[in-house]
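# sequence and predicted structure, then a few things I'm wondering about:
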Amino acid sequence: MAKVDTSLVAHLPLFAGVTPEALDEILREARSARYPKNSAIFEQGADAQSFFLLLHGHVRAAKTTPTGEQIVVRYVAPGETFGLAMAIGATRYPATAMAVDDSVVLIWPTSAWPRLIDRFPALAANTLQTVGTRLQESHTRILEMSTQQVEQRVAHALLRLAKQSGKKLDHGIEIDFPISRQDIAQMTGTTLHTVSRILSGWESQGLVESGRQRIILREPHKIVVLAERSADGGAT
């Protein structure tokens, strides 16, 4: 494969504190791959043979429960790592990773992980920080599920996505990748009907604008107010 330009990735959190020479060596272990929109990068339960760094596009990580319910665990943005099963001692992927738009990734074999972290301790420390951050995100979402009304949960989900992958427009902030109302329902532990009702209500108030797999927060500050208000009843 073509050599990866280190200047394109040296600033990423995964490589914080890594010298240019070390980065060259780390990148020599990787290969790049393209995944078209709606293609699976790996499947839940498959052997965790690789780990990944997203260079371009967006990836949805979703988990299927034993009862067949699908839960969107998180969205991966450019510059983020995913498929880090080996960092938590797992041998199989705990979720399915799907490209939500045309995506480009760097791929390392899991077999290289012990050697890389032994030679480059900063890589291990940065990965541990990523895992810790995502664990905290999971705890936050569990708390939201337990204590918040569904309108608050939807507001928090949209704000997180806008912070992660928002594109500023003259009339608001657009979540800069395809996302459906069903995706939001699967992120917030509710139904498509409930999410559609909430977003339609917010549209009528001028708070959001939504279309086919497209959402714009027209009044993000008012969405913050909705997210942070005390629970006072409503749909769950």
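Sure thing, it's come through. What you see is a predicted model, and the numbers here were worked out from it, not measured in a lab. Numbers count the residues shown, from 1 in each chain.

# my read: residue 203 touches residue 216, true?
No. Here residue 203 does not reach residue 216: they are 10.0 Å apart, not a contact under CB atoms under 8 Å. No exception for glycine: its C-beta is placed from N, CA and C like everyone else's.

# quick one, which of these two is more surrounded?
residue 216 (19 against 13; other CB atoms under 10 Å).

# which residue, other than its chain neighbours, is closest to that one?
Nearest non-adjacent residue to residue 216, counting by CB to CB, 6 or more residues apart in numbering: residue 209, 4.3 Å away.

# now for the helix or strand hosting the one you found, which elements pack on it?
For residue 209, the element it lies in under DSSP states H and E is strand 208-211. For strand 208-211, the packing partners by 3 or more CB pairs under 8 Å, 6 or more residues apart in numbering; DSSP states H and E come out as helix 192-204, strand 214-217.

# export the ones you listed to JSON lines and tack on distance to residue 101 and mean pLDDT?
Shown next, in JSON lines, are the helices and strands packed on strand 208-211 (distance: least, CB to CB, whole Å; pLDDT from 0 to 100):
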{"stretch": "helix 192-204", "distance to residue 101": "21", "mean pLDDT": "96"}
{"stretch": "strand 214-217", "distance to residue 101": "12", "mean pLDDT": "94"}
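
# buried deepest among the ones you listed, which one?
strand 214-217 (a mean of 20; mean count of other CB atoms under 10 Å).

# any buried residues in whichever strand or helix holds residue 107, and which?
In the assignment (DSSP H and E), residue 107 maps to strand 103-109. Within strand 103-109, the residues that count as buried by 16 or more other CB atoms under 10 Å are 103, 105-108.

# one more: stretch 28-39?
Neighbour counts over stretch 28-39 (16+ other CB under 10 Å) mark 30, 35 as buried.

# which residues are contacting that stretch?
The contact list for stretch 28-39, computed with CB atoms under 8 Å, 6 or more residues apart in numbering, reads 1-2, 4, 41, 53, 55, 57, 98-109, 112, 116, 178.

# just the CA trace of that stretch, in PDB.
As requested, the backbone C-alpha atoms of stretch 28-39 are provided in PDB (Å, rounded to 0.1, in the frame of the first residue of the first chain):
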ATOM      1  CA  ARG A  28       4.500   0.400   8.700                       C
ATOM      2  CA  GLU A  29       2.600  -2.200  10.600                       C
ATOM      3  CA  ALA A  30      -0.700  -0.900   9.200                       C
ATOM      4  CA  ARG A  31      -2.600  -1.100   5.900                       C
ATOM      5  CA  SER A  32      -5.300   1.200   4.600                       C
ATOM      6  CA  ALA A  33      -8.700   0.100   3.400                       C
ATOM      7  CA  ARG A  34     -11.900   1.700   2.000                       C
ATOM      8  CA  TYR A  35     -15.400   0.700   3.000                       C
ATOM      9  CA  PRO A  36     -18.300   1.900   1.000                       C
ATOM     10  CA  LYS A  37     -21.400   3.300   2.700                       C
ATOM     11  CA  ASN A  38     -23.500   0.700   4.600                       C
ATOM     12  CA  SER A  39     -20.700  -2.000   4.500                       C
END
